[in-house]
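Asker: sequence and predicted model, in that order:
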There are 2 protein chains.
Amino acid sequence: MRLSRFFAWLALVSSTALAQPATPASPQADTVNRFFAEALARGQAYDQLRALVSQNPGRLSGSKSLERAVVWSERLLRSMRLDRIYKQEVMVPHWSRGSRESVRLLPSRGTATTLTATALGGSGASPATGAIGEVIEVRSLDELASLGRERIAGKIVFFNRPLDPALYHPGLAYVGAADQRNRGPAAAADLGAIGALTRSLTHAKDDIPHTGNTRFPPATPRIPAAALSTLAADRLSTALTSDPSLQVEIKIHAQTLPDALSHNVIGEIRGSEFPDEIILVGGHLDSWDIAPGAPDDGAGVVQSIEVLRLFQALGIKPRHTLRCVLFTNEENGLAGATAYAVAAKASGQRHLFAIESDGGGFAPRGFDLGSTQGDAHLRAQRWQPLFAPWGLTEFRKGGAGADVAPLMIQGVTVAEIVSDSQRYFDYHHSARDTLDQVNPRELHLGAAALAALVWLVDTEGL
Amino acid sequence: MRLSRFFAWLALVSSTALAQPATPASPQADTVNRFFAEALARGQAYDQLRALVSQNPGRLSGSKSLERAVVWSERLLRSMRLDRIYKQEVMVPHWSRGSRESVRLLPSRGTATTLTATALGGSGASPATGAIGEVIEVRSLDELASLGRERIAGKIVFFNRPLDPALYHPGLAYVGAADQRNRGPAAAADLGAIGALTRSLTHAKDDIPHTGNTRFPPATPRIPAAALSTLAADRLSTALTSDPSLQVEIKIHAQTLPDALSHNVIGEIRGSEFPDEIILVGGHLDSWDIAPGAPDDGAGVVQSIEVLRLFQALGIKPRHTLRCVLFTNEENGLAGATAYAVAAKASGQRHLFAIESDGGGFAPRGFDLGSTQGDAHLRAQRWQPLFAPWGLTEFRKGGAGADVAPLMIQGVTVAEIVSDSQRYFDYHHSARDTLDQVNPRELHLGAAALAALVWLVDTEGL
């Protein structure tokens, strides 16, 4: 793009497209605009994210890195002169990957080659010599069931249905394929399979494997289960076409250890009028072990902290208590969210509103709002003109993110910020979940959007 | 983000947010949706972009790389069985950077250190031993003028006004700072300066310098002029505070050579009803010499080619002639656009509509539309419900991109696709203008949006 004098002239005569801001002037719009301008000009979330993910990558439940992040975030909140900072103890699952896994393709003739793979969270261990077997490729759990124990026993099941690329919302494609990872290995084990492979849940065509949780009911053998990169999955599928009796060797050294102690970290600005009525904003501190945890969900953590800073920077004292909650164990258990909801119910405090950021910190597009008591998103749409000049136009009915969903069950109106999600699953649960996927301006726009919505709910209710 | 069974249940009971597509069913919506689904599922633009920027990076006017890209793109169009492929000869400016430039900070005491910099396009050469002088830091051309010849003669002028971070639209911040790069060096030269430095026109705080064109009127001495990375600019500014008499040495070996022969590359699908009425979609083939030219504007090139492919893939024969134009020399002269517009006027053909893609290939948000004859954007807004399910909601009045602006002067309704621009100036005119900044899904959504808008104009007019 070149902006010549010629174009400058054209811009002068005809462009209103970039006018800023286009909100109708009002004291309300003025405050909303100040949240955004402050975040864009002096936002601290990105620098905090850099510190979080460089000092404490791979914050899986049970890890030292997660508990270091607990200490880091508590210290950060203490530096902010809030009214109250505290932790909630939570017992969390402790699955450990152990030494590095490997998946190898053993052709009928020729040399073994490595297939890029990562053990799924919850995977069992293989025998020390590896789980070795022929491979049955399926596209669905139904197809698996139709094959039956006779075809599956002693084999390795390979779930290879890709995400539907034609859907606009990557999350919808993810949900449409995730049963393979979530329930596939257990379903295979129930039919006697000795191992399971799943195609990584991503649109990206690359050699990066994406992990995630898989569940084994107590009575089901916890077989070794790994995700292949999409390129490795294509390679295995192609190899099976010409060599159906090839074998695969899976070596996984994972352990499921006793539950470990972790913490939700909480900071508050006390409400000036209604200190026992809570507006919550939060993200989750934990991440997958192989991921730095920048988009998922370091971004949500630092945005939530930035919301408190923005209120301070603008000199706005909230009427209700503004509470930032950094949840533990979102990825493989939701123990943090569950413990928080139990404590909230017991506290006698009322939660007015709870909003979560867990969408990667990309350019904010709007909000999903959910409530068991009506259409919160329709009521929130009156604020759309305040947000549209900053790129947020969507106020949708949603089911809420995982960490505030337990509050929704209790009757709280909940929400999640909607960020542009086209890139999200390229990085999700993988080693590419890095700082450089996050753009500072996009991150800070999201923090401002959260703060502005919280302020609107605080001042006039939802 | 974890999608547990719990969340799946919630999604089931309450989420309509991800419903797809939300367009009212109609034959028109059906075709629009097919453009998007085809592009997402089988789009070829990203693979073509990889080829373009890996084989022909740094496609500055006058370079061999640009003419190789002309051959590459003509060959690609020929492989598509279009109705007509041809080139337009265009004489383009030929500025050459020569051997690598350097900018060094020479403190009053101590060791010289390098400041990360890149010569501006159009810069003059320094003496072989370098232009060496004291530095006058200014924030604006007005401040420069107020200092006058006495303070400036023999010095190096350093323009250091940053982009305004608080504006939502990065393009607006860019326009607000670009006078320093466009006109600053010439203004300094007119006051006797021996060199000029400008702060890179980016929000990014990093050590990557961003080039771009600077203009010297014929009577003005063509002094050496370079852009500093934002970190280098901050360093120089800080150093000047403690050591105002420090010197800077600029070595630039640039040459302005005689104009060179280049080409616009054009491919067409002939209109079935109105072959002499043209709908144009285009991007520009050239890029800055230091840039691979992926977002700017390889993305626009391959999206424009993909528009033709999408019509073919859907089996849609346009009523008007659908013309893809790959412009040369957008970055430093607009000779390609000018030559195209002159030829268009002489041809006797009528241009119905001309749309350009030069916004980086990021997630599409809508369209800017411009016309000398009324409010094209208001008329186009009737189509907003067709695009909203695919993330495009903005139909704004705009001044058109640089390459179609000369057609607007002739009375043609013009447009530009609007992409999310928060990241754009992080990469613009720099070595970071690389393939990995472009996301395949975002790129293909943009191509589909262009195709769908073109199809709507073709079938029912604007």
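Answerer: Happy to help now that I have it.

Asker: next, count neighbours for A:Ser79.
Answerer: The local packing of A:Ser79 (other Cβ atoms under 10 Å in any protein chain shown) involves 9 other residues. All C-beta spots, glycine's among them, are computed from the backbone N, C-alpha and C.

Asker: do the one 10 residues further on as well
Answerer: Counted by other Cβ under 10 Å, the residues lying close to A:Glu89 total 10.

Asker: the one 4 residues further on now?
Answerer: By other Cβ under 10 Å, 22 other residues sit near A:Pro93.

Asker: now it: closest residue in space, sequence neighbours ignored.
Answerer: Nearest-residue entry for A:Pro93: A:Gly333, 4.6 Å, with adjacent residues in sequence omitted and distances by Cβ to Cβ, 6 or more residues apart in numbering or on different chains.

Asker: right, and the one you found touches A:Val90 too?
Answerer: No - using Cβ atoms under 8 Å, A:Gly333 makes no contact with A:Val90, being 9.2 Å away.

Asker: return the residues in contact with the residue nearest to A:Pro93.
Answerer: By Cβ atoms under 8 Å, 6 or more residues apart in numbering or on different chains, the residues touching A:Gly333 are A:61, A:92-93.

Asker: tabulate the residues you listed (JSON lines), appending secondary structure, distance to A:Ser123 and pLDDT.
Answerer: Below are the contacts of A:Gly333 laid out as JSON lines (DSSP: H, G, I helix; E, B strand; the rest coil; distance: Cβ to Cβ, whole Å; pLDDT from 0 to 100):
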{"residue": "A:Ser61", "secondary structure": "coil", "distance to A:Ser123": "15", "pLDDT": "98"}
{"residue": "A:Val92", "secondary structure": "strand", "distance to A:Ser123": "18", "pLDDT": "98"}
{"residue": "A:Pro93", "secondary structure": "strand", "distance to A:Ser123": "13", "pLDDT": "97"}
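
Asker: quick one on the thing from earlier: host element of the residue nearest to A:Pro93?
Answerer: Counting by DSSP states H and E, no helix or strand carries A:Gly333.

Asker: how about A:Phe425?
Answerer: Going by DSSP H and E, A:Phe425 is in helix A:424-427.

Asker: and the average pLDDT for that helix is what?
Answerer: Helix A:424-427 comes out with an average pLDDT of 97.

Asker: can you show me the CA trace of that helix as PDB?
Answerer: Extracted in PDB, the C-alpha atoms of helix A:424-427 (Å, rounded to 0.1, in the frame of the first residue of the first chain):
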ATOM      1  CA  TYR A 424      -6.700 -20.200  16.600                       C
ATOM      2  CA  PHE A 425      -6.400 -23.900  15.800                       C
ATOM      3  CA  ASP A 426      -3.100 -23.500  14.000                       C
ATOM      4  CA  TYR A 427      -1.500 -23.000  17.400                       C
END
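
Asker: near chain B, which residues of the stretch 251-400 of chain A?
Answerer: Contact residues, the stretch 251-400 of chain A versus chain B (Cβ under 8 Å from any Cβ of the partner chain): A:296-297, A:330-332, A:334, A:358-359, A:363, A:365, A:368, A:370, A:389-391, A:393, A:396-400.

Asker: and the helices in the stretch 251-400 of chain A?
Answerer: With DSSP state H, counting those that start in this stretch as the criterion, the stretch 251-400 of chain A has helices at A:299-313, A:335-347, A:376-380, A:384-387.

Asker: pick the most deeply packed of these.
Answerer: Of all the helices of the stretch 251-400 of chain A, helix A:299-313 carries the top mean neighbour count, a mean of 27, counting by mean count of other Cβ atoms under 10 Å in any protein chain shown.

Asker: can you give me the offset of it from its chain's centre?
Answerer: Put simply, helix A:299-313 sits 18 Å off its chain's centre (Cα atoms, centre = their mean, to the nearest Å).

Asker: the nearest residue to A:Gly122 once chain neighbours are set aside: neighbouring residues, count only.
Answerer: Nearest residue to A:Gly122, sequence neighbours excluded (Cβ to Cβ, 6+ apart): A:Thr214, at 4.7 Å. Other residues within reach of A:Thr214, judged by other Cβ under 10 Å, total 26.

Asker: just list the residues touching A:Ile223, thanks.
Answerer: Contacts of A:Ile223 by Cβ under 8 Å, 6+ apart are A:123-124, A:131, A:185, A:188-189, A:193-196.

Asker: go with 10 Å
Answerer: Going by Cβ atoms under 10 Å, 6 or more residues apart in numbering or on different chains, A:Ile223 touches A:123-126, A:131, A:156-157, A:185-186, A:188-190, A:192-196, A:214, A:216, A:250, A:252.

Asker: overlap of the contact sets of A:Gly333 and A:Val90?
Answerer: Residues touching both A:Gly333 and A:Val90 (Cβ under 10 Å, 6+ apart) are A:61, A:259, A:262.

Asker: so which of these is the closest to A:Arg81?
Answerer: The nearest member of those to A:Arg81, counting by Cβ to Cβ, is A:Ser262 at 26.2 Å.

Asker: beta partners for that closest one?
Answerer: On the basis of DSSP bridges, A:Ser262 is bridged to A:Val90.

Asker: which stretches of the stretch 251-400 of chain A have low pLDDT?
Answerer: For the stretch 251-400 of chain A, not a single residue meets the criterion pLDDT under 70.
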